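In: Give me coordinates for this.
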Amino acid sequence: MSWNSFGGDGACAFGIALRSNFRLQNLDLSHNNVDEASAVVLASGVRANTSLRSLRLDFNPIGYVALRSVLCSVAF
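Out: Numbers count the residues shown, from 1 in each chain. Below you'll find the predicted structure:
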């Protein structure tokens, strides 16, 4: 899903979908203009998901607060 430029709305949709998807193992959202607010929503989906093993958010302007939220969601 990298390089699609779906922005915040798309990232929020992924965050919501991840709450009920337990098959997806790898998700690459690099270069999609994911902003800080939508990355926090995405992190909540990652936190609820038990199957995701790899998440890439390279080259997105997510900021420190969202980065911390994402990192906390994947901490074991």
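In: OK, contacts around the residue nearest the centre of the chain?
Out: By Cα atoms, centre = their mean, the chain has its centre lying nearest to residue 42, at 4.0 Å. Going by Cβ atoms under 8 Å, 6 or more residues apart in numbering, residue 42 touches 11, 12, 14, 15, 18, 29, 34, 70. Using the backbone N, CA and C atoms, a C-beta is placed for each residue, glycine as well.
In: In which helix or strand does it reside?
Out: Per DSSP states H and E, residue 42 falls inside helix 36-48.
In: could you point out which element follows that helix?
Out: strand 54-56.
In: just for this protein, where's the confidence low?
Out: 75-76 (pLDDT under 70).
In: Need the contact partners of stretch 21-41.
Out: 1-12, 14-16, 18, 42, 49-63, 65-67, 69-70.
In: and those residues, which are buried?
Out: 6, 8, 10-12, 14-15, 18, 42, 49, 52, 55, 57, 60, 62, 66, 69-70 (16 or more other Cβ atoms under 10 Å).
In: Can you tell me the closest non-neighbouring residue to the residue nearest to the centre of the chain?
Out: residue 15 (4.0 Å; Cβ to Cβ, 6 or more residues apart in numbering).
In: any idea how far residue 39 is from residue 23?
Out: 22 Å (Cβ to Cβ, to the nearest Å).
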